[in-house]
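[1] Prediction below, plus the sequence it came from.
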Amino acid sequence: MSVYTGDSSLLYLQYYEKLHASSIQKLPTNIVIDERKRKDGSPSGFTLYLIVEKKSWDKAIRINGAQYSYEVELKVGDNGGFLTLDSKSKCLYTNLNWNSKNANTTLSFASPKSFGVWSEDFKIDITPDQRKIFDGREIYVYWSDNEKFYKENIDNKIKRDQIGDGLRTF
């Protein structure tokens, strides 16, 4: 594994790099992660958005931990998600709160490979000590089949006010 070298402003990844520089995964080039302060809602936990191109292959973020005692999944692409107001992307999002057991939360980024077998492309582990970095934030994961769609065209990077439907509760 190599040191994280993505172009994300995500505070967690910067913090994580300082703690575990020798074991950081490299963010795939077709994933862009942005973060901003949540406008409303609980100051504890965060809102996670998965946004893909409208005609993209399915992509998923599998969530272990947070307020769930089982794995949940945000899956967007050909077979899921809601069309954004600009009609260029599809999106799902959920609000994540911390569990009372003080356990880690894992976000596993997965996509289908040959013969429909799903593979983990990237993973973020959030320890109880790192929760404060995520509290009160909105995390946007832009994931495209073509790495230029979100990286080179800022107009394709939609924000909360451009999302009509898509709240997923489990």
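    Cool, got the structure. Residues are numbered from 1 along each chain as shown.
[2] what's the closest non-adjacent residue to the residue nearest in space to the middle of the chain?
    The C-alpha lying nearest the average C-alpha coordinate of the chain belongs to residue 141 (Cα atoms, centre = their mean; 4.0 Å). When the adjacent residues along the chain are set aside, residue 141 lies closest to residue 50, with 5.2 Å between them (Cβ to Cβ, 6 or more residues apart in numbering). C-beta: built from backbone N, CA, C; applies to glycine.
[3] Name the residues that touch the stretch of helix or strand the one you found belongs to?
    Assessed by DSSP states H and E, residue 50 sits inside strand 46-53. Outside strand 46-53, the residues within contact range by Cβ atoms under 8 Å, 6 or more residues apart in numbering are 38, 41, 59-61, 63, 74, 76-77, 81, 84, 88-96, 107, 134-146, 149, 158, 160, 163.
[4] Give the buried subset of these as a PyMOL selection command.
    Only the buried members of those enter the following PyMOL selection, criterion being 16 or more other Cβ atoms under 10 Å:
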select buried, resi 38+59+60+61+63+74+76+77+81+84+88+89+90+91+92+93+94+95+96+107+134+136+137+138+139+140+141+142+143+144+149+158+163
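[5] what about residue 149, which SS state?
    For residue 149, the assignment made with DSSP: H, G, I helix; E, B strand; the rest coil gives helix.
[6] how much space between the residue nearest to residue 141 and residue 114?
    Counting by Cβ to Cβ, to the nearest Å, the separation of residue 50 from residue 114 is 23 Å.
[7] Could you tell me which residues make contact with residue 167?
    Residue 167 neighbours (Cβ under 8 Å, 6+ apart): 93-95.
[8] sorry, back to before: wait, isn't the residue nearest to the centre of the chain in contact with residue 108?
    No - taking Cβ atoms under 8 Å as the contact criterion, residue 141 and residue 108 are not neighbours in contact, 11.9 Å apart.
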